[in-house]
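Q: build me a model:
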Amino acid sequence: MSSRVVAKPKELHRRSKFFSRRSILVSVVIGALLAGGGAYAASSWVIGLGTGSSGEGQSATVSNVSISAVATPSPSNLLYPGGTGDVVLTITNPNPYPVTITAVQLPTNTTYATGYTTSALTTTQTGCLAATPSGVTWNYSTATSGSSHTLTTALTVAASGQGNNPLTVTLTNDASMASAAPAACEATYFSMPSLTGITATGGAATATISPATDSWTT
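A: Okay, the predicted model is just below:
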């Protein structure tokens with residue numbers, strides 16, 4: 001026969017009374033605490049700042065962006081004697097903030113591209129070198145080095161470590177081939193002459209989605 005401990009009616013009554021009193025006591029204590037807190041807040045003092053109170057900030061350093069040739073995507077408009085073609089490149093921004101490019105500065109119109117046998121740009125194409133000359137230059141370049149050409153649409157390269165960095169861009173019809181270009185330059189890949197500079201600003205801006213298409217027209 002299993003044993004059970006059964007509380008007597010009187011004991012149950014006493015326990016019920018004990019818990020009831022305890023609950024009332026807790027309620028009273030909480031009420032006192034809240035009342036005390038309200039009284040303290042009402043008597044708080046207003047404290048001012050001493051003269052010259054400040055903090056210290058520092059601006060970021062500025063690093064140059066990098067522009068490099070890239071094989072993908074392939075240009076849609078290909079070069080031919082007397083015609084223009086696309087140039088594909090990537091722009092890398094090492095700065096911790098976006099950089100917006102609005103114009104490029106070009107070398108002279110007698111600074112020529114070097115031809116290569118493949119898109120890897122590792123083996124030069126015999127008879128189609130910058131010194132040959134290849135006849136391939138930046139379109140709209142002038143006799144003056146550093147001539148500035150405004151992009152049709154500003155390009156914003158995301159901050160370092162963020163999406164769309166590096167930014168891949170196809171510059172539509174911004175390469176030009178002279179009518180007298182050597183026959184050796186047929187079916188050739190070109191490393192365009194280095195740009196002499198860019199016009200750019202740094203600061204908060206919405207990054208251009210990669211890949212992008214752009215150009216300059218004058």
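
Q: low-confidence bits of the protein, can you list those?
A: Applying pLDDT under 70 to the chain picks out residues 1-43.

Q: and the helices in it?
A: 9-42 (DSSP state H).

Q: ok, the residue nearest to G85 when sequence neighbours are not counted - how many residues close by?
A: Leaving aside its chain neighbours, G85 sits nearest to L79 (3.7 Å; criterion: Cβ to Cβ, 6 or more residues apart in numbering). To be clear about C-beta, it is placed using only N, CA and C from the backbone, and glycine gets the same treatment. L79: 24 surrounding residues under other Cβ atoms under 10 Å.

Q: what sits against L79?
A: G85, V136, A175, S176, M177, F190 (Cβ atoms under 8 Å, 6 or more residues apart in numbering).

Q: number of nearby residues for the fifth one?
A: Around M177 sit 22 other residues, with neighbours defined as other Cβ under 10 Å.

Q: gap between it and T100?
A: 31 Å (Cβ to Cβ, to the nearest Å).

Q: thinking again about what came up before, drop anything exposed from the contacts of L79.
A: G85, V136, A175, S176, M177, F190 (16 or more other Cβ atoms under 10 Å).

Q: just want the most central residue of the protein.
A: A158 (1.0 Å; Cα atoms, centre = their mean).

Q: which non-adjacent residue is nearest that residue?
A: Nearest one to A158, counting by Cβ to Cβ, 6+ apart, is A207 at 3.8 Å.

Q: ok, now which ones touch that neighbour?
A: P98, T156, V157, A158, Q162, G163, N164, N165, L167.

Q: now those residues in CSV, with distance to S119?
A: CSV is the format used below for the contacts of A207 (distance: Cβ to Cβ, whole Å):
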residue, distance to S119
P98, 29
T156, 27
V157, 23
A158, 26
Q162, 28
G163, 26
N164, 23
N165, 23
L167, 19
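
Q: tell me the two of these that are most distant?
A: The distance between the two most remote of the contacts of A207 (Cβ to Cβ) is 12.0 Å, for T156 and G163.

Q: S147 contacts N139, correct?
A: No - taking contacts as Cβ atoms under 8 Å, S147 lies outside contact range of N139: 11.8 Å.

Q: about what we covered before: of T156 and G163, who's got more company?
A: Shown here are T156 and G163; by other Cβ under 10 Å, T156 has more neighbours (24 against 9).

Q: name whatever forms a beta bridge with the more buried one.
A: T100 (DSSP bridges).

Q: contact partners for T92?
A: Applying Cβ under 8 Å, 6+ apart, the residues contacting T92 are V65, S66, I67, S68, V157, N165, P166, L167.

Q: go with 7 Å
A: V65, S66, N165, P166 (Cβ atoms under 7 Å, 6 or more residues apart in numbering).

Q: P182 too?
A: Contacts of P182 (Cβ under 7 Å, 6+ apart): G127, C128, T132.

Q: output stretch 132-144 as CSV, restricted to C-alpha atoms.
A: Extracted as CSV, the C-alpha positions of stretch 132-144 are listed here (Å, rounded to 0.1, in the frame of the first residue of the first chain):
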residue,chain,number,x,y,z
THR,A,132,55.4,50.1,-85.9
PRO,A,133,53.0,52.1,-85.5
SER,A,134,49.9,50.0,-85.0
GLY,A,135,47.7,53.0,-85.8
VAL,A,136,45.4,52.3,-82.9
THR,A,137,44.8,55.2,-80.5
TRP,A,138,42.2,56.5,-78.1
ASN,A,139,39.3,58.1,-80.0
TYR,A,140,39.1,61.9,-79.8
SER,A,141,42.7,62.2,-78.5
THR,A,142,44.5,65.3,-79.6
ALA,A,143,48.0,66.5,-80.3
THR,A,144,48.2,67.6,-76.7
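
Q: perfect, that will be all.
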